[in-house]
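Q: Just need the structure, nothing else, for what follows:
(one chain, ligands or ions: 1)
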Amino acid sequence: MTLLRAERVTLAYGKRAVVHEVSLDITEGGVGLIGESGSGKTTLARAFLGLLTPISGNIWYGDQTLKKADMRTFRKDVQPVFQAEALDPRMRIGASIAEALPRSARSRVQDLLEQVGLDPELATRRPHQLSGGQRQRVVIARALAVGPRLLILDEPTSALDVTVQARILDLLSALDTERLLITHNLAVVRRLCRTSHVLFAGRVVESGPTDDLLENPAHPYTRALRDAVPTLGGPPPEAKGRTEAVPAPSGCPFRLRCPLAAPECEQPPPLRELAGRQVACHRAEDVLA
Ligand SMILES: Nc1ncnc2c1ncn2[C@@H]1O[C@H](COP(=O)(O)OP(=O)(O)OP(=O)(O)O)[C@@H](O)[C@H]1O
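A: Numbering: from 1, shown residues only. The predicted structure is shown next:
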């Protein structure tokens with residue numbers, strides 16, 4: 001059974017909706033949320049953590065909506081993995097992990113440190129006495145302390161250099177915990193997520209198997225993200241930028257940056273099935289071709 005599911009979820013800050021009618025299931029094998037800064041990824045993750053209530057639609061936790069669910073069980077099942085900067089700088093590592101454990105299980109600190117590949121002797125250190133990669137492992141150990149079924153990870157490796165990043169990805173992919181991963185980094189989703197959803201301006205524009213999306217995108221925005229590998233010439237113009245706090249144009253929200261924009265794009269594109277995925281683009285056949 002799917003542990004968490006968004007059903008036509010719209011999310012707002014004050015009166016401003018920033019995520020619009022998103023439906024997605026957190027399925028096995030890892031789920032990625034990809035999109036540029038401001039596209040609504042973190043906002044959606046906050047709703048999945050029960051920190052933000054949809055103004056319409058529902059978050060389902062098993063067969064109950066989050067509004068009705070037993071939050072004690074939910075908090076045990078679904079754990080966020082924050083960035084390492086969130087660790088309390090004054091607290092020793094061992095105490096920081098113990099804090100997340102029930103009193104009777106505090107002896108598990110050593111096991112958890114070992115599980116994330118850290119020397120248990122590090123328990124007496126404070127965060128600033130560890131490397132960035134070690135700190136990130138501590139954050140993962142804290143999240144694993146309560147035995148969650150799902151980890152929600154927001155840019156878990158973005159602050160780390162490439163080799164350290166690779167080792168953290170190895171650690172995460174070896175865990176038998178489900179994951180929802182938010183990132184700009186397509187190599188990271190490819191490694192950790194069987195399924196991905198691409199968000200643009202708070203809407204899902206393409207969803208499907210990660211490999212298909214990245215090898216053969218059907219939405220021009222997915223294609224632009226994939227092609228936006230750093231080069232001296234910079235990314236293609238359609239991949240540049242962040243979603244600003246200005247109203248999206250009517251019709252397709254991507255049309256003002258889209259190289260394939262056509263008159264029909266002034267009408268909103270429905271999310272439709274194509275080539276084993278879902279895509280919201282009038283020109284998807286042309287993109288695939
Ligand atoms: N606490 C808040 N109050 C008001 N607006 C917010 C708040 N947090 C985010 N927003 C706005 O909501 C929109 C979506 O932001 P969100 O942080 O979800 O995007 P994101 O895709 O996670 O971006 P990033 O990759 O930079 O974290 C943006 O326009 C942002 O300015």
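
Q: This structure against the ligand: which residues are in contact?
A: Contact residues, the chain versus the ligand (Cβ under 6 Å from any ligand atom): Tyr13, Val18, Gly35, Ser37, Gly38, Ser39, Gly40, Lys41, Thr42, Thr43, Ala245. Backbone N, C-alpha and C define where each C-beta goes, glycine included.

Q: Let me know whether the second one touches Thr43 as I believe.
A: It stands for Val18. Yes. Counting by Cβ atoms under 8 Å, Val18 touches Thr43, with 5.5 Å between them.

Q: neighbour count winner among these two?
A: Between Val18 and Thr43, Thr43 has the larger neighbour count (other Cβ atoms under 10 Å), namely 21 against 18.

Q: next structured bit after the helix or strand the more buried one falls within?
A: Following DSSP states H and E, one finds Thr43 within helix 41-48. Following helix 41-48 in sequence order, the next helix or strand is strand 56-61 (DSSP H and E).

Q: May I have the strands that pair with that following strand, each with its orientation?
A: Its sheet considered, strand 56-61 pairs with strand 4-13 (antiparallel), strand 64-65 (antiparallel) by DSSP bridges.

Q: Next, the angle helix 41-48 makes with that strand.
A: Going by axes from the mean of the first three to the mean of the last three Cα atoms, to 10 degrees, strand 56-61 is angled at 70 degrees with respect to helix 41-48.

Q: Show me what counts as buried in strand 56-61.
A: For strand 56-61, the neighbour count (16 or more other Cβ atoms under 10 Å) marks Gly57, Asn58, Ile59, Trp60, Tyr61 as buried.

Q: could you dump these to a markdown table with distance to Arg190?
A: Below are these laid out as a markdown table (distance: Cβ to Cβ, whole Å):
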| residue | distance to Arg190 |
| --- | --- |
| Gly57 | 29 |
| Asn58 | 30 |
| Ile59 | 26 |
| Trp60 | 27 |
| Tyr61 | 28 |
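
Q: Could you list the single helix or strand in the chain with the lowest mean pLDDT?
A: helix 162-174 (a mean of 87; mean pLDDT, DSSP states H and E).

Q: and the next element down the chain from that helix?
A: Toward the C-terminus from helix 162-174 - assigned by DSSP H and E - lies strand 178-183.

Q: Report all helices and strands that that following strand contacts.
A: Counting contacts by 3 or more Cβ pairs under 8 Å, 6 or more residues apart in numbering; DSSP states H and E, strand 178-183 is packed against strand 31-34, helix 41-48, strand 150-154, helix 186-192.

Q: and the second one, what does it pack onto?
A: It refers to helix 41-48. Contacts defined by 3+ Cβ pairs under 8 Å, 6+ apart place helix 41-48 against strand 4-13, strand 16-25, strand 31-34, strand 150-154, strand 178-183.
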